[in-house]
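[1] I'll drop the sequence and a predicted model, then ask my questions.
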Amino acid sequence: MEALKRVAKCTNNGSNRPQKSLILLFIGFLIALLGIIILTITAVLMSGGSTSFGVVIFIGPIPIVVGAGSEAQWLILFAVILAVLSIIMFMAIRKQADKKVS
């Protein structure tokens, strides 16, 4: 509860913009970590099923796609589509920013 009060306090004050960003980054990291923990526990407890995964890692503009499991081909296809869409969105946003500067 104390952490939520601190977050609410920071959002009311407009002068702490970097602090707000760090708090949101920290909250996002905790949510991702909690999701990984829940998935790991579920995979261990439900060992009768099959597990599949797909991962996209961006190093600069180059996506590296990895997957394993019975449904890996679909997960890799989905990851590649997301990677292409993210590159297209990046280029569109950059083009908009260049227009505003000119």
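    Structure's in. What do you need?
[2] if I look at the residue positioned nearest the centre of the chain, how far off is Leu25?
    By Cα atoms, centre = their mean, the chain has its centre lying nearest to Ala32, at 7.7 Å. According to Cβ to Cβ, to the nearest Å, Ala32 stands 11 Å off from Leu25. (Each C-beta comes from the backbone N, C-alpha and C, glycine too.)
[3] show me where pLDDT drops low in this structure?
    1-17, 48-50, 61 (pLDDT under 70).
[4] so which residues of it form helices?
    2-12, 17-45, 72-101 (DSSP state H).
[5] between these, which one is nearest to Val55?
    helix 72-101 (6.9 Å; Cβ to Cβ).
[6] who does the closest one touch, helix- and strand-wise?
    strand 53-59, strand 62-68 (3 or more Cβ pairs under 8 Å, 6 or more residues apart in numbering; DSSP states H and E).
[7] mind putting those in TSV, mean neighbour count and distance to Ser102 included?
    Below are the helices and strands packed on helix 72-101 laid out as TSV (neighbours: other Cβ atoms under 10 Å; distance: least, Cβ to Cβ, whole Å):
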stretch	mean neighbour count	distance to Ser102
strand 53-59	13	28
strand 62-68	14	28
